[in-house]
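> Got a predicted structure plus its sequence, pasted below:
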Protein chains: 2
Amino acid sequence: MTEHDDHRRPGRWRSGAESKQRILQTARDLFGQHGYRGTTVRAIAAAAGVDPAMVFYFFGTKQGLFAAAVEMSDTVPPAIESIFTAGLDAIGERIVRTLLENLDKSDRTPLVMLTRSAPTDDRSETLLREFIDREITDRVAAMLDAPDAALRAGMVNVQILGLAVARYIVRIEPIASSPVEDLVSRFGPLVQHCLTGPTPQPVPTPTPVGA
Amino acid sequence: MTEHDDHRRPGRWRSGAESKQRILQTARDLFGQHGYRGTTVRAIAAAAGVDPAMVFYFFGTKQGLFAAAVEMSDTVPPAIESIFTAGLDAIGERIVRTLLENLDKSDRTPLVMLTRSAPTDDRSETLLREFIDREITDRVAAMLDAPDAALRAGMVNVQILGLAVARYIVRIEPIASSPVEDLVSRFGPLVQHCLTGPTPQPVPTPTPVGA
DNA sequence: GTCTATAATTAGATAGAC
DNA sequence: GTCTATCTAATTATAGAC
């Protein structure tokens, strides 16, 4: 809804590419709000102001549309790069801030779309796993040379997923409506500790069972 | 599948309650695996070995069945109590261990069912929010007298949700297949720090923007 | 490129026999 | 209580006119 190029060029560009873009944009919105199974092609078509048949004309199947909507990476890439090029110092803060700032301004981001879709759609589950591995785990693990690099990166994934789910999917308070900076000052150090903190002892307190 | 009372009492108990229980059990399994929208009444009936019509006979609607399956709290209650009755000491460990142990032995727990269903079903989203508030946030916040008690409890929610999603929904490695004790020794102190750690400064490093 | 059918399938839900 | 048959509505997807 934000920045629509509504000046329809009369001649050039045959005019079909415009509909395709509107469909994609709308698809990202709805998939991001209701997930894969919760979003119908008809709903997307209606919201985009086109005929349902056009969706299939452009993207073949619903899955094809979803795939196109997911890999449209017009938001994250440039921001993500700057996280890792600055080294391990204060990287926790940068991860949290970048995550929240990107997700706050548009919940039609791949991370949200996939997180909403994964629970009911097997293909989305795989896509989300791959997305997280490629975009986060691999980069984070590559910066560490500790033997437990994978586990530490996994802990960061837990923070990111937990934050995304609590703030954007389930909307739990006060996480859902806290200012970005508040969450950065809380979760930044936490993420930093996951990556560069000391390795904990196996079981400090065995916690005796029973009464 | 674990403990089925298969000795069908000939006369007493009319014999209908048995089917009802089988349906409920199966419903928890499937809702926990595929979420609300990803599970059909017919699939539940088939897996339970009964006719689809019986499901509606007992529970009226699909939503009714889901509600009944969710509020069947046969797993968590006793374990949850012991977490909070032992005070703030090592509570992080207890929270993480209890969570993982309960979820590991049956992913048909309310937490998983709701977390799988919430992203595509509005009613489940609300139910999950209420469940978390009632079962976790309120109890945790009540133990703290700090002014930021709500935020700290929210941070614990992020840990729990992130752990649940990463391990049971999206199955991200190495979180998905790490032994419980490994995760306890990692996330226990983390959760503890969320609750009893020092309050962080607003913005330690303002992170200058641009090049 | 765009739209009007319409096919093929599937899901939730009901009526009524047994 | 249990099952057969069925209704209704919605969905993905296709064929073909314009």
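Thanks, I have the structure now.
> where does A:I136 land in three-state SS?
helix (DSSP: H, G, I helix; E, B strand; the rest coil).
> That one touches A:Q159, doesn't it?
No. Look at A:I136 against A:Q159 with Cβ atoms under 8 Å: they stay out of range, at 10.2 Å. Where C-beta positions appear, they are placed from N, C-alpha and C, glycine not excepted.
> And chain A, split by domain according to the record?
A:16-71, A:77-196 (automatic domain parsing).
> Is there proximity between the shortest one and DNA strand D?
What that stands for is domain A:16-71. Yes. Residues of domain A:16-71 are located near DNA strand D by Cβ under 7 Å from any atom of the strand, namely A:T39, A:T40, A:V41, A:R42, A:A43, A:P52, A:A53, A:F56, A:G60, A:T61, A:K62, A:Q63.
> Count the residues that sit near the fifth one.
Using other Cβ atoms under 10 Å in any protein chain shown, the number of residues around A:A43 comes to 15.
> Figure out the helix or strand that it lives in.
In this assignment (DSSP states H and E), A:A43 forms part of helix A:41-48.
> Centre of the chain to the longest helix along chain A, how far?
Assignment by DSSP state H gives helix A:16-34 as the longest helix of chain A. Taking the mean of its C-alpha atoms, helix A:16-34 sits 17 Å from the chain's own mean (Cα atoms, centre = their mean, to the nearest Å).
> now for that helix, which elements pack on it?
helix A:41-48, helix A:52-59, helix A:62-71, helix A:110-117 (3 or more Cβ pairs under 8 Å, 6 or more residues apart in numbering or on different chains; DSSP states H and E).
> Buried residues in stretch A:178-190, which are they?
A:S178, A:D182, A:L183, A:V184, A:S185, A:R186, A:F187, A:G188, A:P189, A:L190 (16 or more other Cβ atoms under 10 Å in any protein chain shown).
> Columns distance to chain B and pLDDT on top of those residues, output as CSV?
As requested, the buried residues of stretch A:178-190 are arranged in CSV below (distance: Cβ to the nearest Cβ, whole Å; pLDDT from 0 to 100):
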residue, distance to chain B, pLDDT
A:S178, 7, 98
A:D182, 7, 98
A:L183, 9, 98
A:V184, 7, 98
A:S185, 5, 98
A:R186, 6, 98
A:F187, 7, 98
A:G188, 8, 98
A:P189, 6, 98
A:L190, 7, 98
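> what's the farthest-apart pair in these?
Within these, two members stand farthest from each other by Cβ to Cβ: A:S178 and A:P189, at 15.6 Å.
> Briefly note if stretch A:121-130 comes near chain B.
Yes. Against chain B, stretch A:121-130 shows contacts by Cβ under 8 Å from any Cβ of the partner chain at A:D121, A:E125, A:L128, A:R129.
> for those, which one is nearest B:R108?
The nearest member of these to B:R108, counting by Cβ to Cβ, is A:E125 at 18.1 Å.
> Tell me which residues touch that closest one, please.
Contact analysis of A:E125 by Cβ atoms under 8 Å, 6 or more residues apart in numbering or on different chains lists A:A118, A:P119, B:I169, B:V170, B:R171.
> Spatially nearest residue to the third one, not counting backbone neighbours?
Residue nearest to B:I169 in three dimensions, not counting chain neighbours: A:P119, with 5.7 Å by Cβ to Cβ, 6 or more residues apart in numbering or on different chains.
> Secondary structure class of that neighbour, three-state.
coil.
> give the contact list for it.
Contacts of A:P119 (Cβ under 8 Å, 6+ apart): A:G35, A:E125, B:H34, B:G35, B:G38, B:T115, B:R116, B:S117, B:A118, B:P119, B:T120, B:I169.
> could you measure it against B:E93, distance?
28 Å (Cβ to Cβ, to the nearest Å).
> which ones are touching the closest residue to chain B within chain A?
Going by Cβ to the nearest Cβ, chain B is nearest to A:G162 of chain A, at 2.4 Å. By Cβ under 8 Å, 6+ apart, A:G162 lies in contact with B:N157, B:V158, B:Q159, B:I160, B:L161, B:G162, B:L163, B:V165.
> for A:M155, same thing?
A:C194, B:I175, B:R186, B:F187, B:L190.
> Go through those and name the one nearest A:T85.
A:C194 (20.0 Å).
> A:L88 is in contact with the closest one, correct?
No. Contact criterion Cβ under 8 Å: A:C194 and A:L88 do not qualify, at 11.9 Å.
> Comparing these two, which shows the higher neighbour count?
Each of A:C194 and A:L88 has its neighbours counted (other Cβ under 10 Å); A:C194 has more, 23 against 13.
> What separation is there between the closest residue to the more buried one other than its chain neighbours and B:G87?
Residue nearest to A:C194 in three dimensions, not counting chain neighbours: A:M155, with 4.0 Å by Cβ to Cβ, 6+ apart. Using Cβ to Cβ, we find A:M155 at a distance of 26 Å from B:G87.
> Same question for A:T39.
47 Å.
> Which one's more surrounded, these two?
Comparing A:T39 with B:G87 by neighbour count (other Cβ under 10 Å), the higher total belongs to A:T39, at 26 against 9.
> In contact with the closest residue to that one other than its chain neighbours, which residues are there?
The shortest distance from A:T39 to any non-neighbouring residue, by Cβ to Cβ, 6+ apart, is to A:L30 (4.5 Å). When contacts are counted by Cβ under 8 Å, 6+ apart, A:L30 is found next to A:T39, A:A43, A:I44, A:A47.
> same deal with A:M113?
Contacts of A:M113 (Cβ under 8 Å, 6+ apart): A:R28, A:F31, A:G32, A:G35, A:A69, A:V70.
> in chain A, which segments are predicted with low confidence?
Scanning chain A for pLDDT under 70 picks out A:1-14, A:73-77, A:203-211.
> where does it come near DNA strand D, residue by residue?
Counting by Cβ under 7 Å from any atom of the strand, the residues of chain A that sit close to DNA strand D are A:T39, A:T40, A:V41, A:R42, A:A43, A:P52, A:A53, A:F56, A:G60, A:T61, A:K62, A:Q63.
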